[in-house]
Structures are given as structure tokens and as C-alpha cells.
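Novice: Sequence and predicted model, in that order:
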Amino acid sequence: MSVLRRNELVMDDAFRAALTARCGPGDPFEQAMALDGEIVRNVDGRRTFRFELGGQRYFAKVHNGMPWRRILRKLSQFRIPVLGAEPEWRAIHRLQELGIPTTPPVAFGIRRGLNPARERSFVITRDLGRTRTLEQECLSWPEQPPAFAFRLQLIREVARIARTLHGSGMNHRDFYLCHFRLDLNTNEDATRSGRIPPCLYLMDLHRVQCHTRLPERARIKDLGGLYFSALDIGLGHRDLLRFIREYRHSSIRVTLNSDSTLWQRVTQRARWQYQREHGRVPEGLPR
């Protein structure tokens with residue numbers, strides 16, 4: 001999309017027609033802001049929910065501003081507050097340009113004033129149908145290992161997405177297995193057996209940042225978070241080497257020789273996060 005103005009409204013024709021059919025004449029921005037459905041999350045002035053309109057299922061994030069006390073608290077914690085839907089809208093389109101599957105965008109609107117804490121906005125995407133997070137998918141792996149071909153394809157695809165994202169100067173900031181969704185709409189048995197490549201969608205893009213060149217600390221935070229989320233799914237040393245080789249798109253010997261400090265810091269980040277969440281060092285991870 002082009003550079004967004006102070007007030008902006010973008011809707012595909014089918015969604016606009018369905019919204020008008022339900023709500024009648026009026027301001028489509030306000031009509032979209034008033035939509036409701038099955039609440040998934042409601043925090044910091046952001047309401048996330050599923051809903052149906054015109055026989056289609058959608059997913060919406062509606063931002064109604066954030067109180068200054070919350071903004072200041074996040075800043076005092078060295079956290080960048082997300083004040084509206086614009087970062088996610090931009091990230092969705094950027095990922096589409098890069099060939100990273102994500103939720104199909106349907107509508108976006110924003111109303112700004114002089115007070116950034118009162119910015120109102122929304123982003124609406126089409127529901128993906130039958131999907132499952134990688135966190136859910138991999139939960140049983142230690143007791144019920146998947147087919148080797150399926151495991152290998154998933155590792156390679158996650159690494160490809162990470163490489164493409166970071167290579168474009170973007171970092172996710174919540175780069176965990178729970179924010180990848182496996183498409184189960186096609187032949188699920190063929191996918192799990194490794195006969196057809198899995199399709200993974202990268203989700204929850206509202207905190208994505210874009211840089212001219214990705215800072216190393218942002219790369220380490222993303223990769224450390226991903227490693228942290230995968231520590232209990234039964235990955236072996238060879239699985240980690242496969243990820244590293246695919247992420248760097250180079251031989252493992254060259255990668256480990258040139259990037260040893262990076263992977264040490266990624267491991268340290270994963271260990272620190274695991275200790276913070278679980279109160280112990282994960283088994284098999286160096287102290």
C-alpha cells in the first residue's frame with residue numbers, strides 16, 4: 001500500500017458490500033469499529049476477535065487508543081508501545097511481497113488526532129480455515145515423533161521464513177512457535193507424512209519492526225525466542241544444525257566458523273528466557 005495519511009480507510013469490495021448489507025448506509029469506519037464477535041484477546045485498548053460477515057469468517061484487531069499511563073509505563077520498561085493497527089497492516093503487505101504466507105488482508109482504517117493516545121484504528125483479515133499452531137503441533141513430538149520428512153520440512157520452512165524476514169530488515173519481536181500456523185486445509189495426511197511441503201503462516205504482526213539494516217540485538221531476540229519456544233519439543237543437535245544451515249543458506253562449517261558468537265548469544269537468550277519462565281535451566285542446554 002502507499003504511504004498512509006492521517007485518516008485512511010481501505011476495504012476490499014466484497015467486504016465493503018457485506019458491511020453495507022449488514023449495517024446499512026453510514027460511515028464504514030465507525031461500522032467496522034463497532035463490529036464484534038468471539039473475543040480472543042482484550043488488552044491495552046486492543047480488542048481481538050473472530051466474526052462472520054456475508055458468509056465469510058474474518059479476524060479483527062480493533063485499537064481504541066491507549067491511556068498515557070500505560071504508554072509511559074511501557075516506555076519506562078524499555079518497551080515500545082503499539083498504539084494502532086498501522087504497523088500490522090504494513091507488515092502484512094510487506095510479508096506478502098517477500099513470499100512469506102500470512103493472513104490475507106481485507107480492511108484497514110485509522111483516525112488520528114493531535115493526541116496519539118486516542119488514535120483509533122482496525123485491521124481485518126480473512127480467516128485461514130483449518131490451521132494449527134506449531135506449538136500445538138509439536139507438543140507431542142517427544143513421545144510421538146513425527147515422520148522424518150515432515151520434521152525436516154518444517155525446520156527448513158521456519159528457517160526460510162526467519163532468513164527472509166531478517167534479510168529484509170524486519171524483526172517480529174514475538175517470534176515463537178505459537179505464532180506460526182500450519183495449514184491443514186489441504187491433504188493433512190500427505191502433509192504430515194512429508195509427501196507434500198507444509199504451508200506455514202506467520203501471524204501476530206502488530207509488533208513487527210522494519211529497519212534499513214536489522215540490528216544484531218533484534219536478530220538475537222527473535223532467534224532466541226524461537227529457540228526458547230522449541231526447547232521442549234525433542235529437537236536434537238542435528239535438527240539445530242539443519243536450522244542454522246538453512247537460516248544462513250550456507251555450509252554448516254562456514255556458518256559455525258563465522259557466526260559462532262551469534263549462536264552462542266542466541267543460546268544464552270533462550271536459556272535466560274527459559275529460566276525466567278520455568279525457574280530452571282532446560283535439559284541438555286549449556287549453562
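Specialist: Thanks, I have it.
Novice: Give the closest residue to Arg126 in space, chain neighbours not counted.
Specialist: Pro104 (4.3 Å; C-beta to C-beta, 6 or more residues apart in numbering). Heads up, the C-betas are built off the backbone N, CA and C, glycines and all.
Novice: In contact with Phe108, which residues?
Specialist: With contacts defined as C-beta atoms under 8 Å, 6 or more residues apart in numbering, Phe108 is in contact with Met1, Glu8, Leu9, Val10, Met11, Ala85, Glu86, Trp89, Ser121, Phe122, Val123, Ile124.
Novice: Any chance of a ChimeraX selection covering the buried ones in the residues you listed?
Specialist: Only the buried entries of those go into this ChimeraX selection, using 16 or more other C-beta atoms under 10 Å:
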select :8,9,10,11,85,86,89,121,122,123,124
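Novice: Please produce JSON lines containing the contacts of Phe108, extended by pLDDT, distance to Leu182 and secondary structure.
Specialist: Supplementary listing: these in JSON lines, determined by pLDDT from 0 to 100; distance: C-beta to C-beta, whole Å; DSSP: H, G, I helix; E, B strand; the rest coil:
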{"residue": "Met1", "pLDDT": "41", "distance to Leu182": "28", "secondary structure": "coil"}
{"residue": "Glu8", "pLDDT": "90", "distance to Leu182": "33", "secondary structure": "strand"}
{"residue": "Leu9", "pLDDT": "95", "distance to Leu182": "33", "secondary structure": "strand"}
{"residue": "Val10", "pLDDT": "96", "distance to Leu182": "29", "secondary structure": "strand"}
{"residue": "Met11", "pLDDT": "96", "distance to Leu182": "29", "secondary structure": "strand"}
{"residue": "Ala85", "pLDDT": "91", "distance to Leu182": "26", "secondary structure": "coil"}
{"residue": "Glu86", "pLDDT": "91", "distance to Leu182": "28", "secondary structure": "helix"}
{"residue": "Trp89", "pLDDT": "96", "distance to Leu182": "24", "secondary structure": "helix"}
{"residue": "Ser121", "pLDDT": "94", "distance to Leu182": "29", "secondary structure": "strand"}
{"residue": "Phe122", "pLDDT": "96", "distance to Leu182": "27", "secondary structure": "strand"}
{"residue": "Val123", "pLDDT": "97", "distance to Leu182": "23", "secondary structure": "strand"}
{"residue": "Ile124", "pLDDT": "98", "distance to Leu182": "23", "secondary structure": "strand"}
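Novice: roughly how far apart are Asp239 and Glu283?
Specialist: Look at Asp239 and Glu283: by C-beta to C-beta, to the nearest Å, they are 15 Å apart.
Novice: Could you check which of the two has the larger neighbour count?
Specialist: A count of neighbours by other C-beta atoms under 10 Å puts Asp239 above the other of Asp239 and Glu283, at 16 against 7.
Novice: how about the more buried one, what does it touch?
Specialist: For Asp239, the set of contacting residues under the criterion of C-beta under 8 Å, 6+ apart consists of Arg151, Ile155.
Novice: What are the buried residues along the helix or strand it falls within?
Specialist: Asp239 belongs to helix 237-248 when elements are defined using DSSP states H and E. Taking 16+ other C-beta under 10 Å as the basis for neighbour counts, the residues of helix 237-248 that come out buried are Asp239, Arg242, Phe243, Ile244, Arg245, Glu246, Tyr247, Arg248.
Novice: so the third one makes contact with Ala159?
Specialist: Yes - the pair Phe243 / Ala159 is scored as a contact, 4.8 Å apart, by C-beta atoms under 8 Å.
Novice: I figured Val266 hits Ile220, correct?
Specialist: Yes - using C-beta under 8 Å, Val266 makes contact with Ile220 at a distance of 5.7 Å.
Novice: Which stretches in the stretch 101-250 of the chain count as helices?
Specialist: Using DSSP state H, counting those that start in this stretch, the helices of the stretch 101-250 of the chain run over 134-138, 148-167, 188-193, 216-229, 237-248.
Novice: By mean pLDDT, show me the worst of those.
Specialist: Summarising mean pLDDT across the helices of the stretch 101-250 of the chain, the least confident stretch is helix 188-193, with a mean of 90.
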